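> okay, structure incoming, though there's no sequence with it:
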């Protein structure tokens with residue numbers, strides 16, 4: 001049985017080159033970077049190199065800040081709660097704008113702020129699963145403190161009009177944050193071109209280690225830190241830096257954002273994705289949620305009528321394939337995926353999505369194997385589905 005990992009929007013394998021660069025910082029170069037002796041100072045050259053890779057990867061200006069954090073969730077919470085402290089509790093603002101399809105790190109933080117009296121606008125996506133920049137403009141008020149919109153959706157891969165939204169926010173003097181976790185390493189991310197003030201990312205989404213992420217802060221913008229303690233990261237984030245993970249993230253960024261790497265995503269990974277997607281669409285009553293345009297090259301979210309997403313994942317897992325359900329049942333009430341609802345899916349179809357997300361480590365042979373397994377699984381699951389029935393051709397309706 002072949003093993004095929006098609007859940008790269010959840011996490012990725014650490015690139016072997018990244019792993020090799022991290023190794024010395026566990027047992028050889030192990031000093032605390034804040035210590036004054038040679039053991040601490042010995043970490044500095046590779047830390048500086050890693051920071052340079054991060055700046056270059058997102059085209060940050062030298063005067064901007066890139067803060068090392070534990071993951072994108074911490075990065076996102078730092079921005080949203082920092083804005084709450086600085087501009088709402090200690091200012092005259094009280095409104096935040098986001099979308100209905102953000103990562104739970106954004107949504108949960110905003111829901112918490114609502115319990116504290118903050119007004120939050122959740123903008124709906126259109127039938128293509130993305131957001132109109134004009135909707136952001138129309139929602140901005142005099143008391144708007146922050147706009148937080150994802151760069152690319154984790155379920156559909158849909159790319160949002162970040163540059164246009166950034167221009168709107170810049171023109172109206174509103175701080176703009178984007179969660180670029182699903183964009184880095186898949187499409188070009190340029191903070192200067194996109195007019196973003198804050199940007200969050202996580203290394204394990206682009207073949208770096210888990211447990212480390214980053215926050216970009218544009219020059220002239222400040223935030224009350226989420227964590228208080230030492231003066232690490234220029235006072236922006238207390239706590240001893242995990243040097244090995246920082247080095248790993250830097251190298252992962254370098255490898256993932258090179259011109260060659262992004263071209264490989266666009267020209268090769270997209271073809272593998274399309275091969276898998278088109279084979280599934282040969283089956284009756286299947287649809288790509290949000291359509292095929294304007295999305296990251298590695299992702300597809302497909303709804304297969306009559307097949308519960310969780311049941312499909314079971315069959316795939318039994319055959320060595322890792323994928324993800326698109327039903328996004330984030331709570332026990334089994335609410336359907338808002339992206340699929342926005343697409344116009346009925347309540348049944350909204351629970352039948354399966355997400356396949358590829359990486360540069362997938363092969364043609366793996367995709368061929370996955371196609372065979374998926375088609376057999378659909379046949380089996382539809383055959384036992386109470387919600388999917390075929391009418392025999394010989395049947396004559398009495399209606």
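Arrived safely. If you're wondering where the values come from, they're calculated on a predicted model, not measured in any experiment. Numbering: from 1, shown residues only.
> and the strands in the stretch 101-250 of the chain?
Along the stretch 101-250 of the chain, counting by DSSP state E, counting those that start in this stretch, strands occupy 119-123, 144-148, 175-179, 198-202, 213-217.
> what's the closest of those strands to residue 375?
Each of the strands of the stretch 101-250 of the chain was scored for nearness to residue 375 using C-beta to C-beta, and the closest is strand 198-202 (33.6 Å). Every residue, glycine included, has its C-beta placed from N, CA and C.
> which other helices and strands does that closest one contact?
helix 72-83, strand 175-179, strand 213-217 (3 or more C-beta pairs under 8 Å, 6 or more residues apart in numbering; DSSP states H and E).
> where does this structure have its least confident helix or strand?
Across the helices and strands of the chain, mean confidence by mean pLDDT, DSSP states H and E is lowest for helix 338-343: a mean of 63.
> quick one: pLDDT of the residue nearest in space to the middle of the chain?
The residue lying closest to the centre of the chain (C-alpha atoms, centre = their mean) is residue 182, at 3.0 Å. Note on residue 182: pLDDT of 98.
> show the contacting residues for the closest residue to it other than its chain neighbours.
Distances taken as C-beta to C-beta, 6 or more residues apart in numbering put residue 152 closest to residue 182, at 4.3 Å, once the chain neighbours are dropped. Residues near residue 152 by C-beta atoms under 8 Å, 6 or more residues apart in numbering: 158-160, 180, 182-183, 186-187, 295-296.
> quick one: the residues you listed as CSV, columns for distance to residue 289 too.
Compiled in CSV, those are given as follows (distance: C-beta to C-beta, whole Å):
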residue, distance to residue 289
158, 9
159, 15
160, 16
180, 22
182, 15
183, 19
186, 18
187, 19
295, 10
296, 14
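> what residues does the longest helix along the chain touch?
Using DSSP state H, we find that the single longest helix of the chain is helix 364-383. The contact list for helix 364-383 (C-beta under 8 Å, 6+ apart) reads 2, 4, 6, 272, 275-276, 279-280, 283, 304, 306-308, 311-312, 315-316, 319, 321, 356, 388.
> mind listing what's buried along that helix?
366-367, 369-371, 373-374, 377-378, 381-382 (16 or more other C-beta atoms under 10 Å).
> and stretch 285-293, by the same measure?
Those would be 286-290, for stretch 285-293 by 16+ other C-beta under 10 Å.
> and which of those is nearest to residue 134?
Looking across the buried residues of stretch 285-293 and measuring by C-beta to C-beta, the closest to residue 134 is residue 290, at 18.8 Å.
> re the thing from before, mean confidence for the longest helix of the chain?
So the average pLDDT for helix 364-383 ends up being 96.
> also stretch 28-48?
On average, stretch 28-48 scores 91.
> show me the shaky parts of the chain.
235, 238, 326-350, 387-399 (pLDDT under 70).
> and the longest helix of the chain, how far out from the chain's middle?
Relative to its chain's centre, helix 364-383 lies at 26 Å (C-alpha atoms, centre = their mean, to the nearest Å).
> give the helix, strand or coil label for residue 12.
coil (DSSP: H, G, I helix; E, B strand; the rest coil).
> count the neighbours of the nearest residue to it once chain neighbours are set aside for me.
Spatial nearest neighbour of residue 12, excluding adjacent residues (C-beta to C-beta, 6+ apart): residue 207 at 4.7 Å. When counting by other C-beta atoms under 10 Å, one arrives at 27 neighbours for residue 207.
> if I pick residue 207, what's in contact with it?
Counting by C-beta under 8 Å, 6+ apart, residue 207 has contacts 12-15, 18, 185, 252, 255-256, 359-360.
> which of the residues you listed tops the neighbour count?
residue 252 leads the contacts of residue 207 on contacts (other C-beta under 10 Å) with 32 neighbours.
> okay if I get the buried residues of stretch 285-293 as CSV plus secondary structure and distance to residue 111?
Formatted as CSV, the buried residues of stretch 285-293 follow (DSSP: H, G, I helix; E, B strand; the rest coil; distance: C-beta to C-beta, whole Å):
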residue, secondary structure, distance to residue 111
286, strand, 34
287, strand, 31
288, strand, 30
289, coil, 24
290, coil, 25
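> ok, these vs residue 147, which is closest?
Of the buried residues of stretch 285-293, the one sitting nearest to residue 147 (C-beta to C-beta) turns out to be residue 290, at 21.9 Å.
> could you find the closest non-adjacent residue to that closest one?
Residue 290 sits nearest to residue 129 (C-beta to C-beta, 6+ apart), 3.1 Å away.
> now residue 357
residue 9 (3.8 Å).
> burial measure for that neighbour, as a count.
Based on other C-beta under 10 Å, the number of other residues close to residue 9 is 26.
> can you tell me the SS state at it?
Secondary structure, three-state DSSP: residue 9 is coil.
> now the helices for the stretch 51-200 of the chain?
Assignment of helices within the stretch 51-200 of the chain using DSSP state H, counting those that start in this stretch yields the ranges 72-83, 104-115, 133-139, 162-172, 191-194.
> so for residue 92, which of those sits nearest?
helix 72-83 (13.0 Å).
> using TSV, lay out the strands of the stretch 101-250 of the chain together with distance to residue 265.
Conversion of the strands of the stretch 101-250 of the chain to TSV gives the following (distance: least, C-beta to C-beta, whole Å):
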stretch	distance to residue 265
strand 119-123	28
strand 144-148	25
strand 175-179	19
strand 198-202	16
strand 213-217	20
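> dump these into CSV; add distance to residue 247 and mean neighbour count as well.
Below are the strands of the stretch 101-250 of the chain laid out as CSV (distance: least, C-beta to C-beta, whole Å; neighbours: other C-beta atoms under 10 Å):
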stretch, distance to residue 247, mean neighbour count
strand 119-123, 37, 17
strand 144-148, 29, 25
strand 175-179, 24, 27
strand 198-202, 16, 29
strand 213-217, 13, 26
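> of those, which is nearest residue 60?
strand 213-217 (5.8 Å).
> and that closest one, how far out from the chain's middle?
14 Å.
> next: stretch 159-177.
Using C-alpha atoms, centre = their mean, the offset of stretch 159-177 from its chain centre is 19 Å.
> got the buried residues for it?
So stretch 159-177, judged by 16+ other C-beta under 10 Å, has buried residues 159-162, 164-169, 174-177.
> just give me the closest of these to residue 101.
So of the buried residues of stretch 159-177, ranked by how close each gets to residue 101 (C-beta to C-beta), first place is residue 160, at 9.3 Å.
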